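In: Below are the sequence and a predicted model for it; my questions follow.
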Amino acid sequence: MAEGSFEKENRFDRTISRATAESENGFVVRLYRTDDGTLLTYEELYDEVDAEGSALPPEQWRGGEWDANEYIIEACLVGIYDIEEVLATVVQRHVDGKQVGVVEYVGDDDQVVAVRRVDQG
């Protein structure tokens, strides 16, 4: 893991919807590691890639159409993003003096590699 990336991932500043948290709870899911060591869910990676790709001129898109999903697949195949399979578990934690639900993502070494605060909305 990149130096300092665990602390960056565990600031609880990234959120996940309650529905997604509940659907992931107890299952192995994929996270995507960026070149700076950040671990993103597919939805987070899609949002970042789609925002960047959509801003490019259409002549840079394949066939004149932008497809973020296709870009992610190809980027994983060539090693731009590493895929990590992790176990997602919803737990309660004290954050900023309040008890909140979080999703902990645990790697093969039984260490928490990323967390997301469950959106209360």
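Out: That came through fine.
In: Enumerate the positions of the longest helix belonging to the chain that are buried.
Out: Assignment by DSSP state H gives helix 42-54 as the longest helix of the chain. By neighbour count on 16 or more other Cβ atoms under 10 Å, the buried set for helix 42-54 is 44-46, 48-50, 53. The way it works is simple: take the backbone N, C-alpha and C, and place the C-beta from them, glycine included.
In: Same check on stretch 70-81?
Out: With burial defined by 16+ other Cβ under 10 Å, the residues of stretch 70-81 counted as buried are 71-72, 81.
In: for the residues you listed, which one is nearest residue 22?
Out: Comparing the buried residues of stretch 70-81 against residue 22 with Cβ to Cβ places residue 72 closest, at 24.2 Å.
In: just to revisit the earlier point, after the longest helix of the chain, which helix or strand is next? Please name it.
Out: Of the helices and strands lying after helix 42-54 in sequence (DSSP states H and E), the nearest is helix 68-77.
In: Give me the helices and strands touching that next one, please.
Out: If you count contacts as 3 or more Cβ pairs under 8 Å, 6 or more residues apart in numbering; DSSP states H and E, helix 68-77 packs onto helix 42-54.
In: about what we covered before: with distance to residue 24 and pLDDT added, can I get the buried residues of helix 42-54 in TSV?
Out: Below are those laid out as TSV (distance: Cβ to Cβ, whole Å; pLDDT from 0 to 100):
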residue	distance to residue 24	pLDDT
44	13	94
45	15	96
46	16	96
48	19	93
49	21	94
50	21	94
53	26	89
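In: Alright, that wraps it up for me.
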